[in-house]
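Undergrad: model the structure of this input:
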Amino acid sequence: LTMGDLSKNPHPFGQMPCLADDDDDCVVFESGAILNYLQSKADGKGIHGNKKSAEVASWISWANASLDPICFLETPEGKV
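TA: Sure, this is the predicted structure:
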């Protein structure tokens with residue numbers, strides 16, 4: 001792993017964290033998706049061991065972190 005040029009950040013929104021794996025021509029963002037991808041790549045048994053599933057996991061992780069607070073507001077009574 002090497003630190004890349006941040007002006008060429010491949011994250012869709014130019015944010016961190018973002019991992020570009022040149023071996024698999026794969027871009028993974030969001031910390032949870034990156035950790036799953038690295039674990040899958042390390043032991044070959046994980047659920048995100050290929051490019052397509054890693055990219056899907058990135059968008060699911062992003063949606064969970066970014067859209068949930070907007071879509072599911074808690075009422076003063078604590079209900080969603």
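
Undergrad: how many other residues sit next to residue 29?
TA: When counting by other C-beta atoms under 10 Å, one arrives at 24 neighbours for residue 29. Backbone N, C-alpha and C define where each C-beta goes, glycine included.

Undergrad: residue 51 too?
TA: For residue 51, the neighbour count with other C-beta under 10 Å is 15.

Undergrad: also residue 60?
TA: Look at residue 60: counted by other C-beta under 10 Å, it has 13 neighbours.

Undergrad: spit out the contact partners of it.
TA: The neighbours of residue 60, taking C-beta atoms under 8 Å, 6 or more residues apart in numbering as the test, are residue 33.

Undergrad: buried stuff in the helix or strand where it lies?
TA: Using DSSP states H and E, residue 60 sits in helix 51-66. Neighbour-count burial for helix 51-66, with 16 or more other C-beta atoms under 10 Å as criterion, is recorded at 53, 54, 55, 57, 58, 61, 62.

Undergrad: pull the CA atoms of it into CSV?
TA: Output of helix 51-66 as CSV, limited to C-alpha atoms (Å, rounded to 0.1, in the frame of the first residue of the first chain):
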residue,chain,number,x,y,z
LYS,A,51,-14.7,-6.5,-7.5
LYS,A,52,-18.4,-6.4,-8.1
SER,A,53,-19.4,-7.5,-4.5
ALA,A,54,-16.8,-5.1,-3.0
GLU,A,55,-18.2,-2.2,-5.0
VAL,A,56,-21.8,-3.0,-4.0
ALA,A,57,-20.7,-3.2,-0.4
SER,A,58,-19.2,0.3,-0.7
TRP,A,59,-22.5,1.7,-1.8
ILE,A,60,-24.5,-0.2,0.8
SER,A,61,-22.1,1.1,3.5
TRP,A,62,-22.4,4.6,2.2
ALA,A,63,-26.2,4.5,2.1
ASN,A,64,-26.4,3.1,5.6
ALA,A,65,-24.2,5.9,6.9
SER,A,66,-25.5,8.8,4.8
